[in-house]
Every structure is written in structure tokens, then in C-alpha cells.
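Colleague: below: sequence and its predicted model.
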Amino acid sequence: MAWLSLRRVYNRLYKHYGPQHWWPADSPFEVMLGAILTQNTAWGNVERAIGNLRANHCLSPRAIVATPEKALAQWLKPSGYFNIKARRVRNFCQWYLEVGEFPGLSVLATDELRKQLLSVSGVGPETADDMLLYAFQRPVFVIDAYTRRIFSRLQLLEHDAGYETLRSQFEQALSADVTLFNEYHALIVQHAKVACKKRPVCQACCLARHCPFSFQPAC
DNA sequence: TACCAGGAGAAAA
DNA sequence: TTTTCTCATGGT
């Protein structure tokens, strides 16, 4: 994958959409909580769920662990998959408290931290990388469904390649820059949302006529 | 009405 | 080991 192509795509996205100011949260813990709640879920619904937690004074790891799973699930209902997410959020908070919360975790090397995050049931590769990039400020590129769709349409990567393969390709092609990775992933999500807005069932982002600006494979 | 959304884990093949 | 199924509310 060519560095120039990735930089050009980024430059066009940034020029078109501007800075995205991600992640929308008040603390690193809230970033991590949101990363779990947004799994296969629109962010607006996650905000409702987080609002419920805040209204019930349950926006801390200790409060979440102290809350029965059933009650937690009711507050998380707007984010969908509420039973599963209640269990995942509690699993994560229990682990988070055991390992010493944010200050303790911050001293770990990125690879070790990623390994530990992935050991928590309910935290998969994308969720762990969201946490590493947006909560821990580590230069890790997040690969999501939008990234696969857009960059495979641009013929810059293979749609069916494994998560680690794609992440490695992006990280090797770009400089290890937290600000760049932060903005790039946010811009991809923003672009996919806008490009898909006119046609909810969008299978051809970036090469379709309704795309706000057409990337071409050779641009 | 039907489809999709900032995935992950369990079960089946 | 790889593929398929399940989880679920809210917006369009």
C-alpha cells in the first residue's frame, strides 16, 4: 500500500470535513466505556445509554461494578444488545479496577497493554484499538467496517484481509502519529456516514455517484 | 417494512 | 480453522 495514496486520501478527507475532535467523551474511562457500547451501534444511541448512566450516578468503574447486571442492562437499553453489553461493561470495569485503573495502565508498553485489553471478554481488536488510540494516546490505527469498505473500493487494500494485516499495512504506510491516526479514523467514519446518508443501503462508498467527492483509485 | 449502525463471542461446519 | 449465528434498540 503506497504511503502517497494514503496521505492523499487523508488530505482530501481533512480538507473536505475538517478536524473531527474525537473521541467525544469527558475522560479516558468514558472513552473506553463508549468503545464497548458503540460496538455495531450508532453513536447517538450510545450517548443515550451514557446519559442514563450519568443520570443514575453510575459513570465510574466502581459504580458500574457495584450495580446489578439487570439494572445496568436497563440503563444501557438504548445502545442495543443491552444484556450482552451490561456483562461486557462490568467485565471491563472489574478488570480495570484490578489492574490499577488509568494511571497504572499508562506505564505499560503498547503491545502489553493491547494484550491485556484483548484478554477482557467483550473487548475485541477494534474496541481495544479504539481504547489504545483515543484513551491512551497510543499510535494504533483502528480498522473498522468503514475502513474495509472504503479502502477496498479504492483498491488500496483487500476487503477480506485479516484485521491485524490491515492494521499493520496502515501503520507501516503512515508515520506512527497519534494525531494523524486519531483524525484519520474519525474522518473515515464521518465520510462513510455522509456518503451513505443519501442511500442508507450503500455498498459503494467513494466510487458511487452520491459520494460528496469522488476518490478514484489512481488519484 | 426493511435495512443498517464506529463488533464480539459462541456455536456449527 | 473458517464460517455462521446471535445479540437488540433507534433512525432512516
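Modeller: That came through, no problem.

Colleague: mind listing residues that contact stretch A:14-22?
Modeller: A:Tyr134, A:Asn182, A:Glu183, A:His185, A:Ala186, A:Leu187, A:Gln190, A:His191, A:Val194, A:Pro212, A:Phe213 (CB atoms under 8 Å, 6 or more residues apart in numbering). Where you see a C-beta, it was placed from the backbone N, CA and C, and this is true even at glycine.

Colleague: so what's the residue nearest to A:Glu69 when sequence neighbours are not counted up against?
Modeller: Excluding the flanking residues, the one nearest A:Glu69 by CB to CB, 6 or more residues apart in numbering is A:Ala86, at 5.0 Å. Residues in contact with A:Ala86 (CB under 8 Å, 6+ apart) are A:Glu69, A:Lys70, A:Leu72, A:Ala73, A:Leu76.

Colleague: between those, which is nearest A:Thr127?
Modeller: Within the contacts of A:Ala86, proximity to A:Thr127 (CB to CB) peaks at A:Leu76, which comes in at 15.3 Å.

Colleague: for the buried ones among the contacts of stretch A:14-22, write the corresponding PyMOL selection.
Modeller: Buried residues among those (16 or more other CB atoms under 10 Å), as a PyMOL selection:
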select buried, chain A and resi 134+182+183+185+186+187+190+191+194
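
Colleague: just name the lowest-scoring one in the contacts of stretch A:14-22, pLDDT-wise.
Modeller: Scanning the contacts of stretch A:14-22 for pLDDT, the low point is A:Pro212. It has 47.
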